[in-house]
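Chemist: Please find the sequence and the predicted model below.
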Amino acid sequence: MKISVVGSINMDMTVTAERIPQKGETLLGEQLHYIPGGKGANQAVAMARLGAEVEMFGCVGNDGNGEALIKNLKEQGVITDHIGVIEGTPTGIALITVGDNDNTIVIVAGANGKVDRAYVDSIAEELKKSDMVVLQHEIPIDTVEYVVDFCYKNDIKVVLNPAPACPLKQETIEKITYLTPNEHEAKILFGDMEREELLKKYPEKVFITLGSKGVTTCLKSGEVLIVPARPAKVADTTGAGDTLNGAFSVKISEGAGMEEALRFANVAASLSTEKFGAQGGMPTREEVEKEMEG
C-alpha cells in the first residue's frame, strides 16, 4: 500500500519560553531550535515511522533550508523523488512559540505556495500509483480542491486534515473519504451545526479531534464514539495532530476499521507529545503497539 502526501514542507523556527506572550508583551526566550516541519512533511514522517510506504509531494526553495528538509525526509524513510525545487522563492518557514504545554504558530508559505495545478499535473502519473492521498491546508486551497477532484476521478482515497482552517466547497467535502478537523476547524467548515448532528450527517467520514479529551466520530451504526486521549507527560504538543492524522491514515490503509484506527492514532499522538519537536517526538510502530498492549 502506497500513501502519498501532497502538502507543505517547512523549516520550523521554534522558541521555548516560560509561557506564550500576551498581545503586546515581550518575554525572554529560553532556546531557539531549527526543526524540520510543515504539516505535510510531518504527516509523511509520522507514517514512515509507523512503517508505511510514503512519498512526499511538495515544493521547497533552492536554498539551505530546502536542501536540509529534503535530506531529512530521505533519512526518515520518505520518498522525495518528485519534490519541486523552486528558484527565487524561499522554503516555507513556521515561527513557533512553545510555552506552558501549548504553542502558537505563524506560517510564511514561501515555496509551498508554488504547489499549484501545474505542479500537480507534473506528478499526476505518480499520484495514480497511490492507494491513498493525504492533504492539508498549508498549500493553496485551489490545489487541494484540484487534487481531491483528481483522486475522486481515479478512485483514490483522500484524507484531508483541514488545517489551517478555511471554508470548503460542499462538492469537495462530498468527494473526500475522511475529513479530520479539530473543534475550531469544524466550526469554520460547518458553522454552528451541533457536533453530534454533524458527525451523524457524515458517519465514518468526519472525525473531530478534541485535544486532551481525545477524538470523536459517528460509526455507521449511528453510535457516536468518543475515544479518550491517553494521559501523557507533555513536553511539546507541536505535531501531535499531524501524528494522529498520519497514524490514522496508516491504519485505514491497512484495512482497519474506524474505531481501531482512531485508538491507534490517539496513542501515537499522545506519545508524540512526550518529546520535543514535531517530527522528533513521533513514535515508531513498535512504541505504539507496546503502549497499546500495556
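Modeler: Yep, it's here. Residues are numbered from 1 along each chain as shown.
Chemist: mind checking the SS state of residue 271?
Modeler: helix (DSSP: H, G, I helix; E, B strand; the rest coil).
Chemist: before we move on, what about residue 160?
Modeler: Classified using three-state DSSP, residue 160 is strand.
Chemist: and what of the one 4 residues further on?
Modeler: In three-state terms, and counting by three-state DSSP, residue 164 is coil.
Chemist: Which residue ranges of the stretch 151-294 of the chain form strands?
Modeler: In the stretch 151-294 of the chain, the strands defined using DSSP state E, counting those that start in this stretch lie at 157-161, 178-179, 207-209, 215-218, 224-227.
Chemist: Send me the last one as CSV with only the CA atoms.
Modeler: What follows is strand 224-227, C-alpha atoms only, in CSV (Å, rounded to 0.1, in the frame of the first residue of the first chain):
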residue,chain,number,x,y,z
VAL,A,224,-21.3,8.5,18.4
LEU,A,225,-17.9,7.2,19.6
ILE,A,226,-15.5,9.2,21.8
VAL,A,227,-12.0,7.7,22.0
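Chemist: could you say what helices and strands that strand packs with?
Modeler: helix 195-201, strand 215-218, helix 258-272 (3 or more Cβ pairs under 8 Å, 6 or more residues apart in numbering; DSSP states H and E). For glycine as for every other residue, the C-beta is placed from the backbone atoms N, C-alpha and C.
Chemist: Adjacent strands (with direction) for that strand?
Modeler: Counting by DSSP bridges, the strands paired with strand 224-227 are strand 215-218 (antiparallel).
Chemist: pLDDT (mean, whole number) over the partner strand?
Modeler: If you average the pLDDT over strand 215-218, you get 96.
Chemist: who touches residue 207 in this structure?
Modeler: By Cβ atoms under 8 Å, 6 or more residues apart in numbering, the contact list for residue 207 reads 178-180, 199, 215-217, 248, 258, 262.
Chemist: residues touching residue 109, list them.
Modeler: 8, 92, 138.
Chemist: Let's see which of those residues end up in strands.
Modeler: residue 92 (DSSP state E).
Chemist: What about the contacts of residue 109, which one has the most neighbours?
Modeler: Counting neighbours by other Cβ atoms under 10 Å, residue 92 leads the contacts of residue 109 with 32 neighbours.
Chemist: That one and residue 12 touch, don't they?
Modeler: No. Using Cβ atoms under 8 Å, residue 92 is not in contact with residue 12; the gap is 9.7 Å.
Chemist: Common neighbours of these two, please.
Modeler: With Cβ under 8 Å, 6+ apart as the test, residue 92 and residue 12 both reach residue 38.
Chemist: Just confirm residue 55 contacts residue 78, I think it does.
Modeler: Yes. If you go by Cβ under 8 Å, residue 55 and residue 78 touch, sitting 7.1 Å apart.
Chemist: Find the residues that touch each one of the two.
Modeler: residue 44.
Chemist: List the buried residues of stretch 184-204.
Modeler: Residues of stretch 184-204 classed as buried by neighbour count (16 or more other Cβ atoms under 10 Å): 185-186, 189-190, 195, 198-199, 202-204.
Chemist: what's near enough to touch the residue most central in space within the chain?
Modeler: Ranked by distance to the mean C-alpha position of the chain (Cα atoms, centre = their mean), the top residue is residue 242 at 3.6 Å. Contact analysis of residue 242 by Cβ under 8 Å, 6+ apart lists 39, 42-43, 46, 161, 278.
Chemist: switch the cut-off to 10 Å
Modeler: 7, 37-47, 136, 161, 163, 269, 272, 278-279, 282 (Cβ atoms under 10 Å, 6 or more residues apart in numbering).
Chemist: what's the nearest residue to it if we skip its chain neighbours?
Modeler: residue 42 (3.7 Å; Cβ to Cβ, 6 or more residues apart in numbering).
Chemist: Which of the three states applies to that neighbour?
Modeler: Assignment for residue 42 (three-state DSSP): helix.
Chemist: coming back round to it: any chance of the contacts of residue 109 in JSON lines with distance to residue 127 and pLDDT as columns?
Modeler: Compiled in JSON lines, those are given as follows (distance: Cβ to Cβ, whole Å; pLDDT from 0 to 100):
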{"residue": "8", "distance to residue 127": "17", "pLDDT": "97"}
{"residue": "92", "distance to residue 127": "21", "pLDDT": "97"}
{"residue": "138", "distance to residue 127": "18", "pLDDT": "95"}
